[in-house]
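Trainee: here is my input, please return the structure:
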Amino acid sequence: MLRFIDDLAGAIYDVFKIIIKLLCYFFAGVLIVGIPLWLIAKFFELLYH
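Mentor: You can find the predicted model right below:
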C-alpha cells in the first residue's frame, strides 16, 4: 500500500511539474514577445493617430 501511495504521489508531482513548466514558458513568451510587440503597436498608434 505504501508503494502505491508513493507512486501516486510521484505521478501527481510529475504532472504538476509539467504544468508549472508550461506556464513558465508561456509567461516568458508573453514577456519576451508580447509586451514589446504591444509597445511597438502603441507607439505607431500614437504616431499615426
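Trainee: give me the pLDDT value at Asp6.
Mentor: Confidence at Asp6, expressed as pLDDT, is 94.
Trainee: just the helices in the protein please.
Mentor: 2-29, 35-47 (DSSP state H).
Trainee: now tabulate those helices in TSV and tack on mean neighbour count.
Mentor: Heads up, the C-betas are built off the backbone N, CA and C, glycines and all. Output for these, formatted as TSV (neighbours: other CB atoms under 10 Å):
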stretch	mean neighbour count
helix 2-29	10
helix 35-47	10
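Trainee: quick test: name the residue nearest the centre of this protein.
Mentor: Note on the chain: the residue nearest the mean C-alpha position is Leu23, at 2.3 Å, using CA atoms, centre = their mean.
Trainee: that one and Tyr13: what is the separation?
Mentor: The gap separating Leu23 from Tyr13 is 16 Å, by CB to CB, to the nearest Å.
Trainee: again with Gly34
Mentor: Distance, Gly34 to Tyr13, using CB to CB: 30 Å.
Trainee: ditto for Leu2
Mentor: Distance from Leu2 to Tyr13, by CB to CB: 16 Å.
Trainee: swap in Val33?
Mentor: 30 Å.
Trainee: point out where this structure drops to low pLDDT.
Mentor: Across the chain, nothing is flagged by pLDDT under 70.
Trainee: now with 90?
Mentor: For the chain, applying pLDDT under 90 flags the ranges 1-2, 49.
Trainee: who's in contact with Gly29?
Mentor: Applying CB atoms under 8 Å, 6 or more residues apart in numbering to Gly29 gives no contacts.
Trainee: same question for Ala41.
Mentor: Ala41 makes contact with no residue, according to CB under 8 Å, 6+ apart.
Trainee: start at 750, not 1
Mentor: That works, and once the first residue is 750, the last one we named lands at Ala790.
Trainee: chain center to stretch 757-772, what's the gap?
Mentor: 14 Å (CA atoms, centre = their mean, to the nearest Å).
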